[in-house]
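K.L.:
Any chance you can model this:
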Amino acid sequence: MELDFSPVWANWTDLARGALVTVEVTACALALGCVLGLLVGMGRLNPANRIRYGICTAYVTFIRGTPLLVQLFILFFGLPQFNILLPAFVCGVLGLGIYSGAYVSEIVRGAIQSIERGQMEAARSLGMPYGQAMRSVILPQAVVRMIPPLGNEFIALIKNSALVSLLTIHDVMHEGQKIISVSYRSLEVYLAIAFVYLILTGVTTLLLQRAEKSLRAGGAVQ
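P.N.:
Residues are numbered from 1 along each chain as shown. Prediction:
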């Protein structure tokens, strides 16, 4: 069998637009996931606050224990039964962001707990409130330790974004399936889609590596 990439070349602008949508969905979901992850991760640091700890733990348990596809379908197909109609793009961002937030929260919690307890005690002994000590002493060190696992999570999020095509979002996967429906060249189109995701994950990896080097060079950790 001879490969024929002519349908890909003829419709490369559609794939480019789809790639842009993929970046937009992923970036918005990433921002939401980081915010949720930070809040939930902080909320799970102190079991003494039972209500907050219980809510955060229930969220992490449910999200990590159920498939992302099911969560996306609940948002897109389930909420309309309660007269809550959200655009497909919003459902995709919410689904990916909420899903990612559960994993980011564990990264945040683990990184903060890896910092020696004596540093918090020293900051408090200098008169710093807990919040200021966390912002000024603990988090700057924890952020550097978060970057490698966060990088893996970000890359996984980019690849998981392919599922939003099932919500009729015109991402690169959706555009590729449209090309296949008229050209019947599935192998060539899927290879092109794979190459697009490879570029996106590769660029993300490079940016994260530079960010980690910059933070280390800035003396965030010794």
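
K.L.:
What helices and strands are in contact with the helix or strand containing residue 99?
P.N.:
Using DSSP states H and E, the element containing residue 99 is helix 88-114. Judged by 3 or more Cβ pairs under 8 Å, 6 or more residues apart in numbering; DSSP states H and E, the packing partners of helix 88-114 are helix 12-43, helix 50-65, helix 68-73, helix 139-160. Every residue, glycine included, has its C-beta placed from N, CA and C.

K.L.:
Pull out the buried residues from it.
P.N.:
Using 16 or more other Cβ atoms under 10 Å as the test for burial, helix 88-114 gives 88-89, 91-109, 111-112.

K.L.:
same thing with stretch 191-207?
P.N.:
Per 16+ other Cβ under 10 Å, stretch 191-207 contains these buried residues: 192-193, 196-197, 200-201, 204.

K.L.:
Among those residues, which lie within helices?
P.N.:
With helices taken from DSSP state H, the overlap with these comprises 192-193, 196-197, 200-201, 204.

K.L.:
Redo those residues as TSV? Include distance to residue 174 and pLDDT.
P.N.:
Formatted as TSV, those follow (distance: Cβ to Cβ, whole Å; pLDDT from 0 to 100):
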residue	distance to residue 174	pLDDT
192	14	95
193	10	95
196	12	95
197	14	95
200	15	93
201	19	94
204	21	90
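
K.L.:
Closest one of those to residue 34?
P.N.:
Closest to residue 34 out of those is residue 204 (13.9 Å), distances taken as Cβ to Cβ.

K.L.:
Distance-wise, check the closest one relative to residue 178.
P.N.:
26 Å (Cβ to Cβ, to the nearest Å).

K.L.:
again, but for residue 142
P.N.:
44 Å.

K.L.:
between those two, which one's more packed in?
P.N.:
residue 142 (22 against 17; other Cβ atoms under 10 Å).

K.L.:
show me the contacts for the more buried one.
P.N.:
108, 111-112, 114-115 (Cβ atoms under 8 Å, 6 or more residues apart in numbering).

K.L.:
okay, and for this protein, where does confidence drop off?
P.N.:
Low-confidence segments of the chain (pLDDT under 70): 1, 218-222.

K.L.:
Mind doing that once more with 90?
P.N.:
1-5, 45-49, 112-148, 150-151, 183-184, 207-222 (pLDDT under 90).

K.L.:
give the contact list for the residue nearest to residue 107 when sequence neighbours are not counted.
P.N.:
Spatial nearest neighbour of residue 107, chain neighbours left out: residue 149 (4.7 Å); criterion: Cβ to Cβ, 6 or more residues apart in numbering. By Cβ under 8 Å, 6+ apart, the contact list for residue 149 reads 107, 110-111.
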